[in-house]
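Q: Pasted the sequence and its predicted model underneath.
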Amino acid sequence: MLEVDTRGLKCPLPILKAKKALTGLEPGGFLKVVATDPGSVRDFQAFCKQTGHGLISQDQTATDDGLEITHVIQRKA
């Protein structure tokens, strides 16, 4: 599973970094994106709906630095 760290980045940068990373994955491959932008939850939902990639999970975790959201995406076949 490829991982992209977008902590501290605001929209649209997490989506743009994920899009770039997905192009390097084989169809069916998984991408994990770690973000801190609360808006990334709905952004990744819309992105996956529009592109056909699978949104496998979105988990939110409270850290000492704030909220951390982990998105797991499966590249469309």
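A: Everything's here; your move. Residues are numbered from 1 along each chain as shown.
Q: Tell me how many other residues surround the closest residue to residue 48 other than its chain neighbours.
A: Distances taken as C-beta to C-beta, 6 or more residues apart in numbering put residue 55 closest to residue 48, at 4.0 Å, once the chain neighbours are dropped. Bear in mind the C-beta positions are built from the backbone N, C-alpha and C, glycine included. Other residues near residue 55 number 15, with proximity taken as other C-beta atoms under 10 Å.
Q: next one: residue 14
A: By the criterion of other C-beta under 10 Å, residue 14 has 27 neighbours.
Q: and it, that's in a helix?
A: Yes. Counting by DSSP: H, G, I helix; E, B strand; the rest coil, residue 14 falls inside a helix.
Q: Contacts only, for it.
A: Contacts for residue 14 (C-beta atoms under 8 Å, 6 or more residues apart in numbering) come out as 6, 33, 35, 37, 40, 43-44.
Q: So residue 58 belongs to a strand, correct?
A: Yes. Judged by three-state DSSP, residue 58 forms part of a strand.
Q: Wait, it touches residue 71, no?
A: Yes. Here residue 58 reaches residue 71: they are 5.3 Å apart, a contact under C-beta atoms under 8 Å.
Q: what about the strands in the protein?
A: 2-6, 30-35, 54-63, 66-74 (DSSP state E).
Q: With distance to residue 12 added, can I get those in CSV?
A: Output for the strands of the chain, formatted as CSV (distance: least, C-beta to C-beta, whole Å):
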stretch, distance to residue 12
strand 2-6, 11
strand 30-35, 12
strand 54-63, 17
strand 66-74, 14
